[in-house]
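Q: With the input below, show me the fold.
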Amino acid sequence: MLRLQWKLDLIDKRAASLTANPVTMYDVEAGMEHGYDVDFLRVRLHGEYRHEASRYVYRARGKRPGYQLITPFMDKSGFIVLVDRGFIDQRMLEAPIESDTRNPEGRITITGITRNRASDRNLFSPEADTRQGIWYWYDLVGISASMPDNLLEGYEGPEPITSAMFVQLEPGGEPGTGKWPDPEDLKVELPNNHLQYAVTWFSLALVLVVMSWLFIRKRREEHASAEA
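A: Below is the predicted model:
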């Protein structure tokens, strides 16, 4: 029951984050340094994309194969943030249509949700195809290490630090038009089976109590019959 309440509180907290006032990347990093849970915080970034250094994480949307477009963002507070800008159809990677692609240039403001993707990999995740810049899980370390040497070209400010959090762009969270990339609708989808677990275990405990009572009653009856 304690786990059930913990999960309900977590779901409520994340749902509230979707409409909360956005914080800065500096706030996120400071919270992480002090041990706070900074996953699923609404954050606003000011800076510019490095589109030429975009990478791709393979994902299917329904039955449509494609990729999540990951583009590094130079935040003016001194952080390089890997931004998950949304889904692109597999065909768009092979033959992009410029009129359908959104590539905001220059200094812009974007808004999204921080995401800790550390547990995204499983035993069946293939190794990255670094030649084509394609990953099969959200490998923050590997994607960061693949950034080109000229990533900081034109950047003015303190030596930037790569954030330990991805930022998932919210719908309408960046300027520009174009169908692709298509950000996912931000919603809280956490499995919550703790109520079923509680019902199952309490039911098993009740069955055990009844069976124990029946066993004890039978033994008492047998003992009374033997004495008679």
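Q: correct me, but Trp137 touches Tyr56?
A: No: Trp137 lies out of contact with Tyr56 (CB atoms under 8 Å); the separation is 11.9 Å. Backbone N, C-alpha and C define where each C-beta goes, glycine included.
Q: in this protein, which spans are strands?
A: Taking DSSP state E, the strands of the chain run over residues 42-49, 55-61, 64-75, 79-89, 108-115, 134-135, 161-162, 166-169.
Q: In JSON lines: the ones you listed, plus distance to Asp149, mean pLDDT and mean neighbour count.
A: Below are the strands of the chain laid out as JSON lines (distance: least, CB to CB, whole Å; pLDDT from 0 to 100; neighbours: other CB atoms under 10 Å):
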{"stretch": "strand 42-49", "distance to Asp149": "18", "mean pLDDT": "96", "mean neighbour count": "21"}
{"stretch": "strand 55-61", "distance to Asp149": "16", "mean pLDDT": "93", "mean neighbour count": "18"}
{"stretch": "strand 64-75", "distance to Asp149": "13", "mean pLDDT": "95", "mean neighbour count": "21"}
{"stretch": "strand 79-89", "distance to Asp149": "14", "mean pLDDT": "96", "mean neighbour count": "22"}
{"stretch": "strand 108-115", "distance to Asp149": "24", "mean pLDDT": "96", "mean neighbour count": "20"}
{"stretch": "strand 134-135", "distance to Asp149": "20", "mean pLDDT": "96", "mean neighbour count": "20"}
{"stretch": "strand 161-162", "distance to Asp149": "14", "mean pLDDT": "94", "mean neighbour count": "14"}
{"stretch": "strand 166-169", "distance to Asp149": "22", "mean pLDDT": "96", "mean neighbour count": "24"}
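Q: and those strands as JSON lines, adding distance to Val23?
A: Rendered in JSON lines, the data for the strands of the chain read as follows (distance: least, CB to CB, whole Å):
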{"stretch": "strand 42-49", "distance to Val23": "6"}
{"stretch": "strand 55-61", "distance to Val23": "25"}
{"stretch": "strand 64-75", "distance to Val23": "12"}
{"stretch": "strand 79-89", "distance to Val23": "13"}
{"stretch": "strand 108-115", "distance to Val23": "9"}
{"stretch": "strand 134-135", "distance to Val23": "27"}
{"stretch": "strand 161-162", "distance to Val23": "17"}
{"stretch": "strand 166-169", "distance to Val23": "11"}
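Q: and Ser146, which of those is closest to it?
A: Taking CB to CB, strand 55-61 is the member of those nearest to Ser146, at 6.6 Å.
Q: what residues does that closest one touch?
A: Here strand 55-61 makes contact (CB atoms under 8 Å, 6 or more residues apart in numbering) with 65-71, 82, 84, 87-88, 93, 132-138, 143, 146.
Q: Report the beta-bridge partner residues of the residue positioned nearest the centre of the chain.
A: The chain has Arg115 as the residue nearest its centroid, 4.1 Å off, counting by CA atoms, centre = their mean. Applying DSSP bridges to Arg115 gives these bridge partners: Phe166.
Q: Could I get the contacting residues of it?
A: Listed by CB under 8 Å, 6+ apart, the contact set of Arg115 reads 39-40, 84, 138, 165-168.
Q: Mind checking the strands of the chain for the one nearest to Asp100?
A: Closest among those, using CB to CB: strand 79-89, at 9.6 Å.
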